[in-house]
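*Asks:* Only the shape, not the letters, is given here:
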């Protein structure tokens, strides 16, 4: 069949707070684009396309572009639209679901979201990201000459993506090998969950030794981690060290794919860090306790959540550590004797 220019209905992308609908297709047919009406099918034959799931979600609709030469034919009922596992191309695997007796209108994208004619039982087929699934259209009767049939696009037939079940000999074939010059305009609508852009950032710290001696060094180990699920790009660690510490030098060691804005530094820390999910950075800061220091040395480290990211638990974004003077009796540290 020679190329024709088709006008397509616009396919909307639906999104809620928890999910988004993604139309999955091999064809490239666009509004006012060119395609071919595929003649030659007979009753019992199937045109099928292999589609790759974009997410761990559900197929919630099947779409078929159905067209005649004139575009004005009456609605017609055909056998079924099937959804199957990929199998071994060109033969689909186990059938997962079927829309029996779909009514097809000429010249439009026909979309099916229910398994029954009363629109009560929704089409829901769980899919796994990256895996292939097969949508097949079975003819119940032989299309008349010039009448409506399946449509293909006009920019070539992708090997391994389109197949035909031919009768006889009742065998599946790669449609490209049979002379079909485009991809079938058969599509799936997959509902994908929306992953919240949030990450649980946390700060913890420890001191070595766990009690200080005036005039000696005190080392802080400060850990900033991201429990996910999102990446925290350009988070910031802020630590203004106590005035009782002098000559503070620090180094930053990332792990799990994290990165530090600088590997080393001196003085207070205000440093950008990148934290993929389940990664961390560890700061080791060493300072000298001033000789006249007495009482408690208190240090607070805080991670600032980057703009555009939500932290579900802000309570662990800041950590304060108090270090007592060496020789302080912890039992009577509050002044009782």
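*Replies:* On my side now, so go ahead. This structure is a prediction, so every number in the text was calculated from the model and none was measured.
*Asks:* how does this structure divide into domains?
*Replies:* Domains of the chain are assigned by automatic domain parsing as 4-193, 199-326.
*Asks:* Just the buried positions in stretch 229-247, please.
*Replies:* Residues of stretch 229-247 classed as buried under the neighbour-count rule (16 or more other C-beta atoms under 10 Å) are 230-232, 235-237, 239, 241-242, 244-245. (Glycine included, C-beta is placed from N, CA and C.)
*Asks:* actually stretch 302-317, not the one I wrote
*Replies:* Of the residues in stretch 302-317, 303-306, 309, 311, 317 count as buried by neighbour count, 16+ other C-beta under 10 Å.
*Asks:* Endpoints of that stretch, how far apart?
*Replies:* End-to-end distance for stretch 302-317, by C-alpha to C-alpha, to the nearest Å: 6 Å.
*Asks:* Would you agree residue 110 is in contact with residue 102?
*Replies:* Yes - at 7.0 Å, residue 110 counts as touching residue 102 under the criterion of C-beta atoms under 8 Å.
*Asks:* Check the secondary structure at the spatially most central residue of the chain for me.
*Replies:* With distances taken as C-alpha atoms, centre = their mean, the residue of the chain nearest its centroid is residue 55 (5.9 Å). What DSSP: H, G, I helix; E, B strand; the rest coil gives for residue 55 is coil.
*Asks:* quick one: the closest residue to it other than its chain neighbours from residue 99, how far?
*Replies:* Of all residues not flanking residue 55 in the chain, residue 192 sits nearest, at 3.7 Å (C-beta to C-beta, 6 or more residues apart in numbering). The gap separating residue 192 from residue 99 is 21 Å, by C-beta to C-beta, to the nearest Å.
*Asks:* Mind checking which of these two has more residues around it?
*Replies:* Using other C-beta atoms under 10 Å, the more surrounded residue of residue 192 and residue 99 is residue 99, with 21 against 18.
*Asks:* Double-check that that one belongs to a strand.
*Replies:* Yes - Residue 99 forms part of a strand when assessed by three-state DSSP.
*Asks:* looking at it, it is touching residue 111, isn't it?
*Replies:* No - between residue 99 and residue 111 there is no contact under C-beta under 8 Å: 10.6 Å.
*Asks:* intersection of neighbour lists for those two?
*Replies:* Shared contacts of residue 99 and residue 111, defined by C-beta atoms under 8 Å, 6 or more residues apart in numbering, are found at residue 62.
*Asks:* Now for residue 110 and residue 102: what residues contact both?
*Replies:* With contacts taken as C-beta under 8 Å, 6+ apart, residue 110 and residue 102 have residue 64 as neighbours in common.
*Asks:* Those two: who's more crowded?
*Replies:* Applying other C-beta under 10 Å to residue 110 and residue 102 shows that residue 102 carries more neighbours, namely 21 against 18.
*Asks:* Quick one: low-confidence residue ranges for the stretch 101-250 of the chain.
*Replies:* Where the stretch 101-250 of the chain drops to pLDDT under 70, the residues are 195.
*Asks:* what are the ranges of the strands in it?
*Replies:* 103-104, 108-112, 125-127, 132-138, 149-153, 162-166, 171-174, 186-193, 199-208, 211-212, 217-229, 232-239, 245-255 (DSSP state E, counting those that start in this stretch).
*Asks:* and residue 137, what is it in contact with?
*Replies:* Applying C-beta under 8 Å, 6+ apart, the residues contacting residue 137 are 46-48, 64, 78, 81, 150, 184, 186.
*Asks:* Correction: the previous question concerned residue 96.
*Replies:* Neighbouring residues of residue 96 by C-beta under 8 Å, 6+ apart: 83-85, 125, 133.
*Asks:* what's the answer for residue 230, then?
*Replies:* Neighbouring residues of residue 230 by C-beta under 8 Å, 6+ apart: 195-199, 277, 309.
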